[in-house]
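Enquirer: Give me a 3D structure for the following:
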Amino acid sequence: MDNLKQYVISWDEYDIAAHQIFCKLKDLQFNPDVIIGVSRGGLILGTHLCHLFEGKPEMGTIYARRHINDAHFSKLIEPKVSMHMLPNLKGKKVLITEDTIGTGATNSCIKKFLLKKTLKKIMTAVISVQKDVDLKDCVYYKLNDKIWQVFPWER
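Expert: Numbers count the residues shown, from 1 in each chain. Have a look, this model is predicted:
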């Protein structure tokens, strides 16, 4: 763990990231009806974006475990949605928020689960995403090169 390369994101940088993501979504003319924060890392960004969008989208949450525990680089397991609190999504534009995407497996699992709800459109907003992840329908603050991200709420 001592040799682990880390990038520490401050609250100031997080604020810049959230506003840049918001501007990218506005440039794409994507105004979500519902924002779904992925528990735990995506809840802060989801709440922040809810306040930035005019009309205040509804908020929901979803959880899909990808690691066996919360330790850095813990064993990966097949992601599965294990908890959700969602408003009605039928015919709505939905934005999934997450702090980071590593392999894209959890995001794919969540999208597959949500697409069964006959949505109008789905996008993902993420602060940090690995360079080799499929970025279709994804807005992000920065590309990450396999460096462990430490977000302000993790300190």
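Enquirer: can you give me phi and psi for the most centrally placed residue in the chain?
Expert: With distances taken as Cα atoms, centre = their mean, Glu98 lies nearest the centre of the chain, 1.6 Å away. For Glu98, the backbone dihedrals (degrees, to the nearest 10) come out as phi -150, psi 150.
Enquirer: Isn't it up against Ile36?
Expert: No. Counting by Cβ atoms under 8 Å, Ile36 is not a contact partner of Glu98; they are 9.7 Å apart. Just so you know, the C-beta spots here come from the backbone N, C-alpha and C atoms, and that holds for glycine as well.
Enquirer: Name the strands paired with the least confident helix or strand in the chain by mean pLDDT and say parallel or antiparallel.
Expert: When the helices and strands of the chain are scored by mean pLDDT, DSSP states H and E, strand 76-85 comes last with a mean of 78. Here strand 76-85 has these sheet partners by DSSP bridges: strand 58-67 (antiparallel).
Enquirer: Pull the number of nearby residues for Gly42.
Expert: 27 (other Cβ atoms under 10 Å).
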